[in-house]
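> Below is the sequence, then the predicted model.
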Amino acid sequence: MRILHLSDIHIGPDDAPNARGINARESLRRMLTDLEAVPGVGTVVVSGDVADDGSPEAYTVAREMVCAFASRKRAPVVFCTGNHDERGAFAKILGSGHIGAGGDDCASAVVESPEGERAAVSTIDGHRFITLDSLVPGKVHGRVGARQLDWLREVLATPAPHGSVVVLHHPPVTLDVEVQQALGLQNAEELADAVRGTDVRLVLCGHFHLQLFGHLASVPVWATPGVLSRIDLTAPPGTERAVRGASATLIDLGGPYAPLFHVLQARDPRAGETVYELDRDQLRSVIDRLRPGA
């Protein structure tokens, strides 16, 4: 199984630059155009922040663009929600988020929690894909609720032929970077308990707009850099710099060295240009304003 992993495409209502001067649709077009020649893609995963404003129009454009690419590869697409997404509009346009190569909803099960979370599962060529909803409405950090975790344990109680891949937006692993720790998944240990000792081969995330690899209960965790922009960690500690450059990850789950990860970057003459910079005081203000409990 070869997975194309996209995240943080942040499609807005218009085909125009956003407030920071980046056209999200153009970034996605560049990325998908350069991916056309990549062979063997079996599944496309979009791990959240599909829409920037949560509008039905944005989800319609995202579905059209990503699914048109995937259909040419004869590959299904797996979407999940991120902190910028809106559950009602997401479900109206993307259904379960699991869309077959022919455009049909291919989820074998969908679960909803009392809080409105929606998780789903589908099996693609023997590989089970499970999407979790880590969205906390109105917040930037993430959490996976108890109902989802109970359901996840039920699903994982029966192994899949070729194992499982869990997809959620907020990474359960972080660097020693305060903004990541404050705004990542807030109950990572509970997710670790649910996947420990199961057939989960990989956890895929986004949210941080940078590439990051770690382990959760011995399960590999990969956060892919964003399509809209990426965070440049060469900025001085305690500050944040975002730069242009649409990115994606190609993941091979087969072979003796699996999982293998390769980051791909769209050809863009403006790649590396600064999108924004936050100094120490500005970043501190953001963290204090957005951290859980604020």
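Looks like it came in fine. Please read these numbers as outputs of a predicted model, since none were measured by experiment. Numbers count the residues shown, from 1 in each chain.

> for stretch 40-55, what is the average pLDDT?
The average pLDDT for stretch 40-55 rounds to 97.

> Can you get me the start-to-end distance on it?
Stretch 40-55 has its terminal residues 32 Å apart, counting by Cα to Cα, to the nearest Å.

> list the buried ones in that stretch?
Using 16 or more other Cβ atoms under 10 Å as the burial criterion, the residues of stretch 40-55 that qualify are 41-55. C-beta: built from backbone N, CA, C; applies to glycine.

> Tell me how far it lies from the chain's centre.
Centroid separation for stretch 40-55 versus its chain: 7 Å, with Cα atoms, centre = their mean, to the nearest Å.

> what does stretch 83-92 give?
14 Å.

> Can you tell me what sits against that stretch?
10, 48-56, 58-59, 79, 81, 97, 116, 118, 133, 135-137, 139-142, 169-170, 207 (Cβ atoms under 8 Å, 6 or more residues apart in numbering).

> try stretch 21-34
Residues contacting stretch 21-34 (Cβ under 8 Å, 6+ apart): 6, 9-12, 15-18, 52, 61-62, 65-66, 69, 227-229, 244, 246-248, 264, 266-268, 275.

> Could you pick out which of these are located in strands?
Using DSSP state E, the subset of those located in strands is 6, 247-248, 264, 275.

> farthest pair in those?
L264 and V275 (19.7 Å; Cβ to Cβ).

> where in the chain is pLDDT low?
Applying pLDDT under 70 to the chain flags no residue at all.

> For the residue nearest the centre of it, name its beta-bridge partners.
Here the mean C-alpha position of the chain is nearest to the C-alpha of S47 (Cα atoms, centre = their mean), at a distance of 1.9 Å. Here S47 shows beta-bridge partners C80, assigned using DSSP bridges.

> In this structure it contacts H170, no?
No: judged on Cβ atoms under 8 Å, S47 makes no contact with H170 at a distance of 9.5 Å.

> so what sits against both of these two?
Common neighbours of S47 and H170 (Cβ under 8 Å, 6+ apart) are 82, 205, 207.

> contacting residues for the second one?
By Cβ under 8 Å, 6+ apart, the contact set of C205 is 7, 47-48, 167-172, 221-224.

> about what we covered before: save the shared contacts of S47 and H170 as CSV, and put in distance to A91 and secondary structure too.
Shown next, in CSV, are these (distance: Cβ to Cβ, whole Å; DSSP: H, G, I helix; E, B strand; the rest coil):
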residue, distance to A91, secondary structure
G82, 14, coil
C205, 21, strand
H207, 20, coil
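
> Tell me the one among these nearest to Y257.
Distances from Y257 to those, taken by Cβ to Cβ, are shortest for C205, at 21.5 Å.

> Relative to G40, how far out is that closest one?
23 Å (Cβ to Cβ, to the nearest Å).

> can you map out the strands along the stretch 51-200 of the chain?
Taking DSSP state E, counting those that start in this stretch, the strands of the stretch 51-200 of the chain run over residues 77-80, 98-99, 109-112, 118-124, 127-131, 164-167, 200-205.

> Tell me which residues are up against the first one.
By that I understand strand 77-80. In contact with strand 77-80 (Cβ under 8 Å, 6+ apart) are residues 43-48, 50, 62, 66-67, 70, 90, 94, 97-99, 122, 129, 131-133, 167-169.
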